[in-house]
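Asker: The following comprises the amino acid sequence and a computationally predicted model.
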Amino acid sequence: MQLAITLLAAAFLLVPTIQSVLAGLTVNYFQGLKSGLTLQWVIEVWRLYSGSIFLSMGIALACLVVTLIIGVPAAYAMARNPGRMTRALEEFISLPLAIPGLALALALLQLYGSYKGFRLSWTFILVGHVLYTLPFMVRSVMSVLAAIDLKTLEEGAASLGAGPVRRFIDIVIPNALPGILAGALTVVTLSIGEFNLTWMLHTPYLKTLPVGLADSYASMRLEIASAYTLIFFVMIVPLLLAMQWASARAQRMTQ
Amino acid sequence: MTLTLRNIAKTYPGGTRALLATDLDIAEGEIVSLLGPSGCGKTTLLRIIAGLETADAGASIRFKDDDMTHQPVERRKVGMVFQSYALFPNMSVRGNIGYGLKMQGLPRADIDARVDEVIALCRLDPCAGRAITALSGGQRQRVALARAFAPRPRLLLLDEPLSALDAALRGTLRDELAALLRQFGITAIFVTHDQDEAMAIADRVVVMSQGRVAQIGTPEALYRAPEDAFVARFVGNSMPLGGRIDGGTLHLPGGTLALATPATGKTAYVRAEDVKITGDGPLTARVQTVTFLGTHYRIALTGAADDTLFCLHQGLTAPKPGDTVHLTIAPQSILTLAPEKVAA
């Protein structure tokens, strides 16, 4: 009985996925598999949307770099100075999580929409992604730093002659690494998959992977949209697996 | 290295005075213990010497001829052993021990040679390649000591180095630590709340209470000739006898005792090992409880002094609860000290 329910639930989740993937590989979806398997749709998607794929990867990497540069020192500063101010700041950084991406995008458009050069550049989307992903990086690093006695470790390093910069490089970064890794994978995955905000911020010449996906659903053959889904899966699933592995590692450390 | 401290005080932002103005001189190669109950300011004093806390204005900290008052911890060249050891979990045992040498910018070969030397000295050879998390408590303590000592510090500071260990291990490691510190031949200060630890390791003990130094002296001097009631109680486990002193006589509920010198107005203290059960003693008491502790019995007695009096009784048999016994206390065993201030 239990097995049957499990299998049923798994089928409920997997069948549409498999169907979609297969649709991207069949010659004609309406005739079904008997029309034969082909890679022509995948190639077609690549021809039409490879720009989106590279743009998404570029934005995800840039987003990662920015969240690392801002997020890790911010998490460190907050972990070192716990108090009411820090808690308020943490809530403030986390605000973009509570606000719908659409609202966030609207605010960005209102504020920066008139700066044409910025509005039309990919960095405009990047700003939105950084706003949205930064809390994940900060929280991930903070939770690992909170689990170690950072103050005493740093005092130990200082007593051995290490100045503030050496302490940050030798002690803080290596011990925060599981949190940084988990945060980094979350940031990249979220950035690649982000749709709400990006859809508002994108221009016809700057479509990210999910925006391109919506575009292909709206304007292309079903087979092309399905092939697009397949490419999306291939990119995002390994990232998701890596993320799970990294956050499990970080969690082990905080216990 | 001689250490000279003048006018060291610490007031926290809230106005709490953790440490009142303190002067202290420590001679080259001396091992000194800061002893006191929690909250007495001993750790604050140690952290000020290390440079991890700043003293109130007007303080002066001198390492031999160098004024260190305003130097940050990383330039003081002190070795510090923390209560939690603070070993770097991201480095191996060798990495931890060599870290201070690396910070001095020594060449790789010199670091390796010194690390090997310190590992041998601290008998850490079997676990030199292991990760920090794979070490036992005693091994961690020795790695922390080796790490602090490897960069040839001018001064070694230890903050409750044994309190993170379980009781069974603490005794052995205490003697080991004392032997290692002697072997290092380095000026060392260590903080503890355990008088046995202080006496076993230190040349000189600084007893602290309520943010001030109560008495400084050798373990023997503190034990045999405490200058005030706090030291008598904390270091020697002396018990107040109560009663009333009239010239050279102490009047107690259970009888009268002779004192070595007249001490009107003072309070009398005695240690449990100086209370003897004898057939014809001048004090009468009732046995309340008897605890067998292997080498001796610890007997609680009522009726002799104002409070319950304890007696360490050696012998094959002991009186039973409810028995009436006679006690003797030799006049020279009774300490007469100024009464403790109520605030202290």
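Answerer: Nice, thanks for sending it over.
Asker: Residue ranges in chain B under the pLDDT threshold?
Answerer: Chain B contains residues with pLDDT under 70 at B:340-344.
Asker: Point out the residues in it that sit beside chain A.
Answerer: By C-beta under 8 Å from any C-beta of the partner chain, the residues of chain B that approach chain A are B:50, B:52, B:72-75, B:77-80, B:82, B:84, B:86-90, B:99-100, B:103-104, B:147-148, B:151, B:157. Placement of C-beta: from N, CA and C, glycine included.
Asker: and those residues, which are buried?
Answerer: Taking 16 or more other C-beta atoms under 10 Å in any protein chain shown as the criterion, what is buried in the residues of chain B next to chain A is B:50, B:52, B:73-74, B:77-80, B:82, B:86-88, B:90, B:99-100, B:103, B:147-148, B:151, B:157.
Asker: who in the stretch 51-200 of chain A is up against chain B?
Answerer: A:148-149, A:152-153, A:155-163, A:166, A:170-171, A:174-175, A:177.
Asker: Show only the entries of the buried ones among the residues of chain B next to chain A found in strands.
Answerer: In this view, those that belong to strands under DSSP state E are B:78-80, B:157.
Asker: If we ignore the residues flanking it in sequence, what's nearest residue A:70?
Answerer: Leaving aside its sequence neighbours, residue A:70 sits nearest to residue A:134 (C-beta to C-beta, 6 or more residues apart in numbering or on different chains; 6.5 Å).
Asker: Now that neighbour: phi and psi?
Answerer: Per-residue torsions, residue A:134: phi -50, psi -40 (degrees, to the nearest 10).
Asker: Next one: it relative to chain B, how far apart?
Answerer: For residue A:134, the distance to chain B (C-beta to the nearest C-beta, to the nearest Å) stands at 25 Å.
Asker: Could you list which residues are in contact with that residue?
Answerer: For residue A:134, the contact set (C-beta atoms under 8 Å, 6 or more residues apart in numbering or on different chains) comprises A:67, A:70-71, A:93, A:96.
Asker: Can you pull out the residues in contact with stretch A:185-198?
Answerer: Residues contacting stretch A:185-198 (C-beta under 8 Å, 6+ apart): A:56-57, A:59-61, A:63-64, A:67, A:100-102, A:104-105, A:125, A:128-129, A:132-133, A:136-137, A:140, A:208-211, A:214, A:235-236, A:239-240, A:242-243, A:246-247.
Asker: ok, now stretch A:55-67?
Answerer: Under C-beta under 8 Å, 6+ apart, the answer for stretch A:55-67 is A:122-123, A:125-126, A:129-130, A:133-134, A:136-137, A:183-184, A:187-188, A:191-192, A:206-210.
Asker: Would you tell me which helix is longest in chain A?
Answerer: helix A:40-80 (DSSP state H).
Asker: average model confidence for it?
Answerer: Average pLDDT, helix A:40-80: 88.
Asker: Tell me, what's the model's pLDDT at the residue nearest the centre of chain A?
Answerer: Compute the mean C-alpha point of chain A, and by C-alpha atoms, centre = their mean the closest residue is residue A:190, 1.9 Å away. At residue A:190, the model reports a pLDDT of 89.
Asker: what's downstream of the helix or strand containing it, the next helix or strand?
Answerer: For residue A:190, the element it lies in under DSSP states H and E is helix A:173-193. Heading C-terminal from helix A:173-193, the first helix or strand you meet, by DSSP H and E, is helix A:196-201.
Asker: now that next one: how far from the chain's centre is it?
Answerer: Centroid separation between helix A:196-201 and its chain, computed with C-alpha atoms, centre = their mean, to the nearest Å, is 14 Å.
Asker: Other residues contacting the helix or strand that it is followed by?
Answerer: Under the assignment DSSP H and E, the closest C-terminal helix or strand after helix A:196-201 is helix A:209-219. If you take C-beta under 8 Å, 6+ apart as the criterion, helix A:209-219 is touched by A:45, A:48-49, A:52-53, A:55-56, A:192-195, A:198-199, A:202, A:207, A:224-225, A:228-229, A:232, A:235.
Asker: Kindly report the same for stretch A:229-242.
Answerer: A:17, A:20-21, A:24-25, A:42, A:45-46, A:53, A:185, A:188-189, A:192-193, A:209-210, A:213.
Asker: Tell me the span between the first and last residue of stretch A:162-171.
Answerer: 10 Å (C-alpha to C-alpha, to the nearest Å).
Asker: Please apply the same query to stretch B:181-191.
Answerer: End-to-end distance (C-alpha to C-alpha), stretch B:181-191: 14 Å.
Asker: chain center to it, what's the gap?
Answerer: 14 Å.
Asker: For that stretch, list every residue counted as buried.
Answerer: Going by 16+ other C-beta under 10 Å, stretch B:181-191 has these buried residues: B:181, B:184, B:186-191.
Asker: which pair in those residues spans the largest distance?
Answerer: Using C-beta to C-beta, these span at most 17.7 Å, a distance reached by B:184 and B:191.
Asker: Name the nearest residue to residue B:222, sequence neighbours excluded.
Answerer: Closest residue to residue B:222 apart from its sequence neighbours, by C-beta to C-beta, 6+ apart: residue B:235 at 4.7 Å.
Asker: So the one you found sits against residue B:35, correct?
Answerer: Yes - using C-beta atoms under 8 Å, residue B:235 is in contact with residue B:35, at 7.3 Å.
Asker: what about those two, which has more around it?
Answerer: Shown here are residue B:235 and residue B:35; by other C-beta atoms under 10 Å in any protein chain shown, residue B:35 has more neighbours (29 against 24).
Asker: returning to what we had before: mind checking which of the contacts of stretch A:55-67 are buried?
Answerer: In the contacts of stretch A:55-67, the ones that pass as buried (16+ other C-beta under 10 Å) are A:122, A:125-126, A:129-130, A:133-134, A:136-137, A:183-184, A:187-188, A:191-192, A:206-210.
Asker: Any figure for the gap between the residue nearest to residue A:70 and residue A:38?
Answerer: According to C-beta to C-beta, to the nearest Å, residue A:134 and residue A:38 sit 43 Å apart.
Asker: Type out the ChimeraX command that picks the buried ones from the contacts of stretch A:229-242.
Answerer: Restricted to buried positions by 16+ other C-beta under 10 Å, the ChimeraX selection for the contacts of stretch A:229-242 reads:
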select /A:20,24,25,42,45,53,185,188,189,192,193,209,210,213
